[in-house]
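>>> With the input below, show me the fold.
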Amino acid sequence: CQKKLEEVSQRASEFGLLSIVLDVTYALAVIGFTVEENSKGERLMLDFIDRSESMANEFEVRRCDGLNRLGILWSERSELDKSESYLRRAEVICDKWNTPEIEQTVEHGVLAEWAMQGGGKREAVKTLTRYYIAQLTGMQQKKDQSASYCYRTLVRQQLGKQGFEPEEWSKNCMGIAAYYADVGRYNEAEQCFNKAFSVLSPAFDENSQKLADFFWGKAKFLMEVFASEAEGQQITPESVIASRDLWGSEYQAVIIPKYFPIGKNFDKARAVFAETHGFFRRALDFYVLDGYVTDHFNILMDISKLWGSLSIFEQDLGRKAKMQKRRITLLEPLAKLLNPQHFAWQLQHLHFKLGEIYNEMAEIKLDSRRHTAGTSSKEADAKINTMIDKSIKHFQEFITAIEGNPGDNEDALVSAHFAVARLHGKKLFNTPAETAAALNKSIEEYNVICGYVDKRLKEGAGLQQFEHELQLAKQMVQLLPHKIEMIRKSVKPTTD
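As a prediction, this is how the structure comes out:
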């Protein structure tokens, strides 16, 4: 077929039939790309583009398509600047095909009915050009441009039904939502999630994986905004008010403008928690432990984080402690259910997180004890010590699992040793001898930290962020023996 086309092109050229020559050249170029003879396809397409320049409108669609193909080719070769030069040339051609009703729709984000008429091929290639530029600018880390082109592409795809596949379309729409969330435009992000759901919902069964992924994605979005405010990041009113209506009034954001910024309003915080928790639970309906261990684990970790964020807004210490208890109830059973051979990383992460949660719970109880001027009962003190012991146990499980080969967990390893050292010093005892024994264990941990961090810093490890903590550890190694000595001296000798 290719050989016959070449013969036709040769004869047409001899008779001066340029249109036929260009038709055949374009067809040969496309065949070259299709059979992965890219160098030949590139040469022929460049020839077609150069020779068709004088044929104003007749070959514009194919010239634009050819420039797109060259843009893709150079993108695959990782020559992004050269790729962009071809795609921008294609965009210049596309911009001449101004269809006001479509461009106004794309510009203002208000969806309207539109039927493809005579310009169908032009609109199809124009949509593809926008799509390719969106992908390229994303690869170039030009996030603003990429999001803008992606949005315009999605609108064109939905209006013109060109390349409109609900699953892929919704995935890209949620990708734009992630961009808006990253730049603090939370209202627009929620609009995109609402629109994605309206496309996914009719196309997939309610219990499908696609919808489970949607619910998980929206839950994570709300959780991160919630956590940001809980951790002290100021959510400004500008972040929650839409700068524009992306998809029409029926897809407007609801949760973000209604509840954010939360400030110190616990009722708002509880409402956001309930909405977000509901989305996580719907994702869990699909991602059950039997068959989806990793996904199930990750969702439970997300829910635990959600509870942790809610506890920051709570002022009552008793209720704070109960929220931490909910996290433990959620996660601790996994320690017995996960196979250490197949889920080693998850278990390491789990033990570190449980160590942190038990530590936080103990701190809440110690804070409550301080508020009552140390008048707590022996039973209450014993419970605090139990929490501390469990925190130490989980941190030690983590340390044992990665010691000798920490890999990317070296920061966490040092943090775990610091946590254990401090935890020993928090325990409550009735006798000076017990207190002194616990402090000696703290000294042992601080010595481990000093030796490890000193050694790794000399080896050039990136642990500079622990230099301050290293100095603190060295100070504790010097100070704690004096404290132990003072405790021993405070014991009055008994007489027979």
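>>> element containing Glu410?
With elements taken from DSSP states H and E, the one containing Glu410 is helix 410-426.
>>> mean confidence score for whichever helix or strand comes after that helix?
Later in the chain than helix 410-426, the nearest helix or strand by DSSP H and E is helix 432-458. Here helix 432-458 scores 90 as its mean pLDDT.
>>> So which bits of helix 432-458 are buried?
435-436, 438-439, 441-443, 445-446, 448-450, 452-453, 456 (16 or more other C-beta atoms under 10 Å). For every residue, glycine as well, the C-beta is placed using N, CA and C.
>>> which helices and strands sit right next to that helix?
In terms of contacts (3 or more C-beta pairs under 8 Å, 6 or more residues apart in numbering; DSSP states H and E), helix 432-458 is packed against helix 410-426, helix 467-489.
>>> Please work out which residues outside the longest one touch it.
In this case it means helix 467-489. 414, 418, 421, 425, 432, 435-436, 439-440, 442-443, 446-447, 449-450, 453-454, 457 (C-beta atoms under 8 Å, 6 or more residues apart in numbering).
>>> re the thing from before, deepest-packed of the helices and strands packed on helix 432-458, please.
helix 410-426 (a mean of 20; mean count of other C-beta atoms under 10 Å).
>>> Between helix 467-489 and it, find me the angle.
20 degrees (axes from the mean of the first three to the mean of the last three C-alpha atoms, to 10 degrees).
>>> what helices or strands is helix 410-426 leaning on?
helix 344-371, helix 378-402, helix 432-458, helix 467-489.
>>> all helices for the stretch 1-150 of the chain, in order.
Secondary structure of the stretch 1-150 of the chain, counting by DSSP state H, counting those that start in this stretch: helices at 2-14, 18-34, 38-52, 60-76, 80-96, 100-108, 120-139, 143-160.
>>> Dump these to JSON lines, plus mean pLDDT and mean neighbour count.
What follows is the helices of the stretch 1-150 of the chain, written out as JSON lines (pLDDT from 0 to 100; neighbours: other C-beta atoms under 10 Å):
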{"stretch": "helix 2-14", "mean pLDDT": "53", "mean neighbour count": "13"}
{"stretch": "helix 18-34", "mean pLDDT": "84", "mean neighbour count": "19"}
{"stretch": "helix 38-52", "mean pLDDT": "89", "mean neighbour count": "18"}
{"stretch": "helix 60-76", "mean pLDDT": "92", "mean neighbour count": "21"}
{"stretch": "helix 80-96", "mean pLDDT": "91", "mean neighbour count": "18"}
{"stretch": "helix 100-108", "mean pLDDT": "44", "mean neighbour count": "14"}
{"stretch": "helix 120-139", "mean pLDDT": "85", "mean neighbour count": "21"}
{"stretch": "helix 143-160", "mean pLDDT": "84", "mean neighbour count": "21"}
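>>> So for Tyr180, which of the ones you listed sits nearest?
Taking C-beta to C-beta as the criterion, Tyr180 comes closest to helix 143-160 out of those, the separation being 7.3 Å.
>>> Just want the angle from that closest one to helix 80-96.
40 degrees.
>>> circling back: and Val183, which of the helices and strands packed on helix 410-426 is closest to it?
Nearest to Val183, of these and by C-beta to C-beta, is helix 344-371 at 28.9 Å.
>>> Please tell me I have it right and Ser52 contacts Cys64.
No - using C-beta atoms under 8 Å, Ser52 is not in contact with Cys64, being 10.7 Å away.
>>> Run through the residues that contact Asp47.
Counted by C-beta under 8 Å, 6+ apart, Asp47 has contacts Thr25, Ala29.
>>> swap in Lys305?
Counted by C-beta under 8 Å, 6+ apart, Lys305 has contacts Met223, Ala227.
>>> So for the residue nearest to Leu338 when sequence neighbours are not counted, what pLDDT did the model give?
Nearest residue to Leu338 in three dimensions, chain neighbours excluded: Leu347, at 5.4 Å (C-beta to C-beta, 6 or more residues apart in numbering). At Leu347, the predicted lDDT confidence score is 96.
>>> Contact partners for Leu347?
Ala335, Leu338, Pro340, Glu397, Ala401.
>>> If any of those residues are buried, put those into a PyMOL selection.
Typed into PyMOL, the line below selects the buried ones among those, using 16+ other C-beta under 10 Å:
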select buried, resi 338+397+401
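>>> from the contacts of Leu347, which single one is nearest Tyr151?
Closest to Tyr151, out of all of the contacts of Leu347 and judged by C-beta to C-beta, is Leu338, at 41.0 Å.
>>> That closest one reaches Val293, doesn't it?
Yes - using C-beta under 8 Å, Leu338 is in contact with Val293, at 7.1 Å.
>>> what's the overlap in contacts for these two?
Gln346.
>>> list the buried ones in stretch 231-241?
Buried residues in stretch 231-241 (16+ other C-beta under 10 Å): Ile235, Ser239, Val240.
>>> pLDDT of it, averaged?
86.
>>> Just the C-alpha atoms of it, please, in CSV.
The C-alpha coordinates for stretch 231-241 follow below in CSV (Å, rounded to 0.1, in the frame of the first residue of the first chain):
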residue,chain,number,x,y,z
GLU,A,231,-2.5,22.5,62.1
GLY,A,232,-2.7,26.3,62.0
GLN,A,233,-2.7,27.1,58.3
GLN,A,234,-5.0,30.1,57.8
ILE,A,235,-7.8,29.4,55.4
THR,A,236,-8.8,32.8,54.0
PRO,A,237,-12.3,33.7,52.9
GLU,A,238,-10.9,34.2,49.4
SER,A,239,-9.9,30.5,49.3
VAL,A,240,-13.5,29.3,49.8
ILE,A,241,-15.3,31.8,47.6
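>>> for that stretch, the distance to its chain's centre please.
19 Å (C-alpha atoms, centre = their mean, to the nearest Å).
>>> Now tell me what touches it from outside.
Contacts of stretch 231-241 (C-beta under 8 Å, 6+ apart): 184-187, 225, 228-229, 253, 256-257, 260-262, 309, 312.
>>> Mind checking which of those are buried?
Buried among the contacts of stretch 231-241 by 16+ other C-beta under 10 Å: 184-187, 225, 228-229, 253, 256, 260, 262, 309, 312.
>>> Which of those fall within helices?
Tyr186, Asn187, Val225, Ser228, Glu229, Ile256, Ser309, Ile312 (DSSP state H).
>>> ok, so of the buried residues of stretch 231-241, who is nearest Ser85?
Looking across the buried residues of stretch 231-241 and measuring by C-beta to C-beta, the closest to Ser85 is Ser239, at 36.6 Å.
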